[in-house]
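Peer 1: One predicted model, sequence on top.
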Amino acid sequence: MDTASIGMGVVVPLVILALAFDFMNGFHDAANAIATIVSTRVLRPQSAVLLAAFFNLVAIFVFHLKVATTVGRGTVDPAIIDHCVVFGALAGAIAWNAITWYYGIPSSSSHALIGGLAGAALAKAGPASLIAAGLLKTVLFIFVSPMLGMLLGSLMLLLVSWLCRHAAPRSVDRWFRRLQLLSASLYSLGHGGNDAQKTMGIIWMLLIAAGLSEASDPLPMWVVVSCYTAIGLGTMFGGWRIVKTMGQKITKLKPVGGFCAETGGALTLFLATALGIPVSTTHTITGAIVGVGSTRRLSAVRWGIAGSIVWAWVLTIPCSALIGALFWWMGQILP
């Protein structure tokens, strides 16, 4: 693709589509950030989404743009990027997000985007267009992030249980209702820091392909601000269909369990973002919730619900890749 042929008449609609995906990412994944604090009745849903959206935006001041670099320059060969590949990636991710949101399935917006991008690149240039190192990190953390979230959530609950072993249950509940405000804020900070950067990477990829930015240039600040704003607004509107699945169907949570799950999930997100690895906030918080529930007793976890969520994780990348390839083909035949 001759980069000179990508005019502003194509770039602007694709940037708008990317920001629409970012908004949908926040909308779809709002449940990840607020489900525990809503299900434990620490905050009402309207207050919870405002808190989560605020800390999505605060992430702009906290995290380096390592995840954006991985997505923009470390997953697909920049030489094959054109407007059709970007369109296929975004349309594939949006379509899969819409399907899973409609059915209340907490799938990964992040992996839908990576899958859509890989599918469009494969359709255009075959396997040689993929950068194995970047994609393998992402695929590896499909398994690592929920396991790490589960481990940290479990360890947090064990630590808290030991520290509070002599405290009255009512006192513990009262304190952890307050502390859950902190843990939910930290989780929302990690959510914004990791997820918004994936869309930044896609826009950066488009700008480089259009000759509007060089690969060696820093990411334009307008991209950073607009992506954090879009995901924050999406979170504010919230994906209510998924809240019940995350908050109560997997396991029943009390404030102390909600605090441990959110803190374990937040620590996982902070680590992944520092390493520049695009991970799924859905996978992370689900693993942490399962870890908290199984630490109390294995029967506290509804493993059938957890199993259906795992199937959604497994299917996300191949399904969004297939849809991304289809939309790449449609982009080729449309005028």
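Peer 2: Received the coordinates, thanks.
Peer 1: Pretty sure Val86 sits against Leu206.
Peer 2: Yes - with contacts counted by C-beta atoms under 8 Å, Val86 reaches Leu206, the gap being 5.0 Å. From N, CA and C alone the C-beta is placed, and that goes for glycine too.
Peer 1: shared neighbours, those two?
Peer 2: Taking C-beta atoms under 8 Å, 6 or more residues apart in numbering as the criterion, Val86 and Leu206 both touch Leu14, Ala18.
Peer 1: for the stretch 1-150 of the chain, which spans come out with low pLDDT?
Peer 2: Counting by pLDDT under 70, the stretch 1-150 of the chain shows low-confidence ranges at 1-7, 30-33, 104-106.
Peer 1: Quick check: closest non-adjacent residue to Ile231.
Peer 2: Nearest in space to Ile231, with sequence neighbours left out and distances taken as C-beta to C-beta, 6 or more residues apart in numbering, is Gly26 at 4.0 Å.
Peer 1: what sits against the one you found?
Peer 2: Contacts of Gly26 by C-beta under 8 Å, 6+ apart are Ala53, Asn56, Asp195, Ala230, Ile231, Gly232, Leu233, Gly234, Thr235, Met236, Phe237.
Peer 1: Please name the nearest non-neighbouring residue to the third one.
Peer 2: If the residues on either side of it in the chain are set aside, Asp195 comes closest to Asn25, at 5.5 Å by C-beta to C-beta, 6+ apart.
Peer 1: State the helix or strand in which that neighbour lies.
Peer 2: Here Asn25, judged by DSSP states H and E, is contained in helix 8-39.
Peer 1: Buried ones in that helix, by neighbour count?
Peer 2: Residues of helix 8-39 classed as buried: 10-11, 14-15, 17-19, 21-39 (neighbour count, 16 or more other C-beta atoms under 10 Å).
Peer 1: could you point out which element follows that helix?
Peer 2: Sequence-wise, the next helix or strand downstream of helix 8-39 (DSSP H and E) is helix 45-58.
Peer 1: now the angle from the helix holding Asn25 to helix 45-58?
Peer 2: 130 degrees (axes from the mean of the first three to the mean of the last three C-alpha atoms, to 10 degrees).
Peer 1: Distance from helix 8-39 to the middle of the chain?
Peer 2: Put simply, helix 8-39 sits 10 Å off its chain's centre (C-alpha atoms, centre = their mean, to the nearest Å).
Peer 1: What of stretch 132-145?
Peer 2: From the chain centre to the centre of stretch 132-145 is a distance of 14 Å (C-alpha atoms, centre = their mean).
Peer 1: Run the angle between the helix of greatest length in the chain and helix 8-39 for me.
Peer 2: The longest helix of the chain (DSSP state H) is helix 169-209. Here helix 169-209 points in a direction 170 degrees away from that of helix 8-39 (the same axes, to 10 degrees).
Peer 1: any idea where the helices of this structure begin and end?
Peer 2: Using DSSP H, the helices found in the chain span residues 8-39, 45-58, 66-73, 83-102, 109-125, 132-163, 169-209, 221-237, 240-244, 255-275, 281-296, 303-333.
Peer 1: Quick one, which of the ones you listed gets closest to Ala215.
Peer 2: helix 169-209 (5.5 Å; C-beta to C-beta).
Peer 1: Now that closest one: average pLDDT?
Peer 2: Mean pLDDT, helix 169-209: 87.
Peer 1: now for it, which elements pack on it?
Peer 2: On a contact count with 3 or more C-beta pairs under 8 Å, 6 or more residues apart in numbering; DSSP states H and E, helix 169-209 meets helix 8-39, helix 45-58, helix 66-73, helix 83-102, helix 109-125, helix 221-237, helix 255-275, helix 281-296.
Peer 1: Quick one: list the elements packing against the fourth one.
Peer 2: Spelled out, that is helix 83-102. Helix 83-102 packs on helix 8-39, helix 109-125, helix 169-209, helix 240-244, helix 303-333, going by 3+ C-beta pairs under 8 Å, 6+ apart.
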